[in-house]
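>>> from the sequence below, what's the structure:
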Amino acid sequence: MLARDSLVQAGLPDNPYARQLRNGFRWLRFEKELESEFREFLSWNSLMQRRAAIGVALLIWALFILADWLMVDIRQHPSLLEQLLGVRLGMIGLLLVVWPAAFMPSLRRVGDVIAPYCLLLINLAVLACDVLFEWHGVPRFTQLGATLGILAVFFPLGLAFWTCVRLALLCLTLNLAVFLLFGGEENLRTNLLNTLYNGLVVLICSFALYLQDYAQREQFLGRRLLGMMAEQDSLTGLVNRRYYELLAQRALEQGTREGKGVALILVDVDDFKAYNDHYGHPAGDAALHRLGAVLRQGARRPMDIAARLGGEEFAVLLYDSEEGNTLAIAERLRQAVEALGIEHRRSSAGPCLTISLGVAYSTSGMGLDALYREADRALYEAKDAGRNMVRVAFQQHDRLE
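This is a model prediction of the structure:
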């Protein structure tokens, strides 16, 4: 609990994982987008269990065939054996048909859809065998079939908790209905007792599955939150420097392969040390948080990146961006920060908090360090020229009006 609370407190601003941990999930249900992501996570992580489950099910049905052969007198009940064999072989055939879906990731979603129906068919097949015994007036040699069918519902196959519970209750209800319709009055007491036992099995398995699902969801949120904290700046929610360098290097390499240019906009908050000294660090953090929200609007496309490099230094990397478009974005960012109207009485650039921006464009074979140096040089030119303006490497550009 302490570890979870510390994760939530250290979580990123407006982070969905931290918010879900904070709000809780006692009904084992996340917000819509998170729930879809969790189901996808479950699906991928259940492939091995599905393979094992089908293998175990094949073995059990084969053992049922052997038990039928040993326990039922073929001379007295040849038709019963034939019918039981038909049901058993039918289920083995079904399992053999669906088994490849557990080995082929491309069919994973098919497995998600058919898994509940396969479990229902397994339980119906067990009940069909019970009905055959009753019709032929042959005592069942075991009552475990229905119990095993219900236990199979709770096997970790990537199904949601409530899906398993509803399916188990449906199987239990069908089990009771078969006993009442075909069991006969002489077996009523025994059949009701077996149904009660199976109901207890459902209750115990549901409780165990609830605890497992809850722990799995908590672990999922914690890992996702830790992953984001390792990649993003906790104050602004932008990409941190380490992850930025990884993404930027990938963008440059892809740009080289595709013949696309990459533009880098370096951003520095004007006189931010003076702002912190005058207004205090909490006010400085609040200002950087608002600044991060503005810069995020400049990196909207999939390959674009907005990052906090450290302190009051930020970067916006634009993939396949023309010079005119890049300058327009840089100027919009400058104007948007100025429009925030954050008071800064110690600024040399104006009455409000402002930013200076340096722009550089990658050339063929240019590395990330070289691109950064060019943008950094343009940024210092903007600061030397009076701050609150955009400068481009190798070219002098005053504010775009």
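
>>> could you pull out the strands for the stretch 151-300 of the chain?
Counting by DSSP state E, counting those that start in this stretch, one finds strands in the stretch 151-300 of the chain at the ranges 262-269.

>>> in what element of secondary structure is Q83 found?
helix 78-98 (DSSP states H and E).

>>> return the distance of that helix from the chain's centre.
In terms of Cα atoms, centre = their mean, to the nearest Å, the centre of helix 78-98 is found 39 Å from the chain centre.

>>> list the buried residues for it?
Of the residues in helix 78-98, those buried by neighbour count under the rule 16 or more other Cβ atoms under 10 Å are 80-81, 83-84, 87-88, 91-92, 94-95, 98. For every residue, glycine as well, the C-beta is placed using N, CA and C.

>>> next one: stretch 136-151
Residues of stretch 136-151 classed as buried by neighbour count (16+ other Cβ under 10 Å): 138, 145-150.

>>> ok, so of these, who is nearest M48?
Distance from M48 was checked for each of the buried residues of stretch 136-151 by Cβ to Cβ. The minimum falls on L148, at 21.2 Å.

>>> quick check: that closest one touching V126?
Yes: under the criterion of Cβ atoms under 8 Å, L148 makes contact with V126 at 7.4 Å.

>>> got phi/psi on D304?
When quoted as degrees, to the nearest 10, the phi and psi of D304 stand at phi -80, psi 150.

>>> what is the burial count for it?
For D304, the number of neighbouring residues by other Cβ atoms under 10 Å comes to 20.

>>> so what pLDDT did it get?
In this prediction, D304 carries a pLDDT score of 93.

>>> in space, what's closest to it - neighbours in sequence excluded?
In space, D304 comes closest to L318 once its chain neighbours are excluded; the distance is 5.4 Å by Cβ to Cβ, 6 or more residues apart in numbering.

>>> next: W69.
Excluding its sequence neighbours, the residue lying closest to W69 (Cβ to Cβ, 6+ apart) is L81, at 7.3 Å.

>>> could you do L120 as well?
If you skip the residues right next to it in sequence, L120 has L167 as its closest partner in space, 6.5 Å away by Cβ to Cβ, 6+ apart.

>>> ok, V110 next?
Skipping the residues right next to it in sequence, V110 comes nearest to A101 by Cβ to Cβ, 6+ apart, at 5.3 Å.

>>> and that neighbour, how far from L95?
For A101, the distance to L95 (Cβ to Cβ, to the nearest Å) stands at 11 Å.

>>> repeat that for L66.
Using Cβ to Cβ, one obtains 17 Å as the distance from L66 to L95.

>>> can you check Q216 too?
With distances defined as Cβ to Cβ, the gap from Q216 to L95 amounts to 26 Å.

>>> with L34 instead?
From L34 to L95 the distance is 33 Å (Cβ to Cβ).

>>> returning to what we had before: thought the residue nearest to W69 was touching L70?
No: judged on Cβ under 8 Å, L81 makes no contact with L70 at a distance of 11.0 Å.

>>> helices along this structure, start to end?
Secondary structure of the chain (DSSP state H): helices at 2-10, 16-23, 32-45, 47-71, 78-98, 108-135, 144-153, 161-182, 188-231, 241-258, 272-279, 281-296, 323-339, 368-384.

>>> R391: which of the ones you listed is closest?
For the helices of the chain, proximity to R391 was assessed by Cβ to Cβ; helix 368-384 is nearest, at 4.0 Å.

>>> got a list of contacts for that closest one?
The contact list for helix 368-384 (Cβ atoms under 8 Å, 6 or more residues apart in numbering) reads 245, 248-249, 252, 262, 264-268, 270, 315, 356-360, 362, 389-394, 396.

>>> narrow those residues to just the buried residues.
A residue is treated as buried here by neighbour count (16+ other Cβ under 10 Å); on that basis the buried members of the contacts of helix 368-384 are 245, 248, 252, 262, 264-268, 270, 315, 356-360, 362, 389-393.

>>> same list (the buried residues of helix 78-98) but as a markdown table, adding distance to L157.
Output for the buried residues of helix 78-98, formatted as a markdown table (distance: Cβ to Cβ, whole Å):
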| residue | distance to L157 |
| --- | --- |
| L80 | 32 |
| L81 | 32 |
| Q83 | 29 |
| L84 | 26 |
| V87 | 22 |
| R88 | 22 |
| M91 | 16 |
| I92 | 18 |
| L94 | 15 |
| L95 | 13 |
| V98 | 12 |
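
>>> pull the contacting residues for D320.
Contacts here follow Cβ under 8 Å, 6+ apart; on that basis D320 touches 255, 258, 260-262, 303.

>>> ok, the residues you listed vs F133, which is closest?
M303 (65.1 Å).

>>> count the residues that sit near the closest one.
M303 has 17 neighbours, counted by other Cβ under 10 Å.

>>> for stretch 89-105, output the C-alpha coordinates as PDB.
Coordinates of the C-alpha atoms in stretch 89-105 are reproduced here as PDB (Å, rounded to 0.1, in the frame of the first residue of the first chain):
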ATOM      1  CA  LEU A  89     -14.400 -37.000 -29.800                       C
ATOM      2  CA  GLY A  90     -16.400 -34.000 -30.800                       C
ATOM      3  CA  MET A  91     -14.900 -31.900 -28.000                       C
ATOM      4  CA  ILE A  92     -11.400 -33.200 -28.800                       C
ATOM      5  CA  GLY A  93     -12.000 -32.200 -32.500                       C
ATOM      6  CA  LEU A  94     -13.100 -28.700 -31.400                       C
ATOM      7  CA  LEU A  95     -10.000 -28.300 -29.200                       C
ATOM      8  CA  LEU A  96      -7.700 -29.400 -32.000                       C
ATOM      9  CA  VAL A  97      -9.300 -26.900 -34.300                       C
ATOM     10  CA  VAL A  98      -8.900 -23.900 -31.900                       C
ATOM     11  CA  TRP A  99      -5.500 -25.000 -30.600                       C
ATOM     12  CA  PRO A 100      -3.500 -23.200 -33.400                       C
ATOM     13  CA  ALA A 101      -5.000 -19.900 -32.400                       C
ATOM     14  CA  ALA A 102      -3.000 -20.100 -29.200                       C
ATOM     15  CA  PHE A 103       0.200 -20.500 -31.100                       C
ATOM     16  CA  MET A 104      -0.300 -17.800 -33.700                       C
ATOM     17  CA  PRO A 105      -0.200 -14.200 -32.500                       C
END
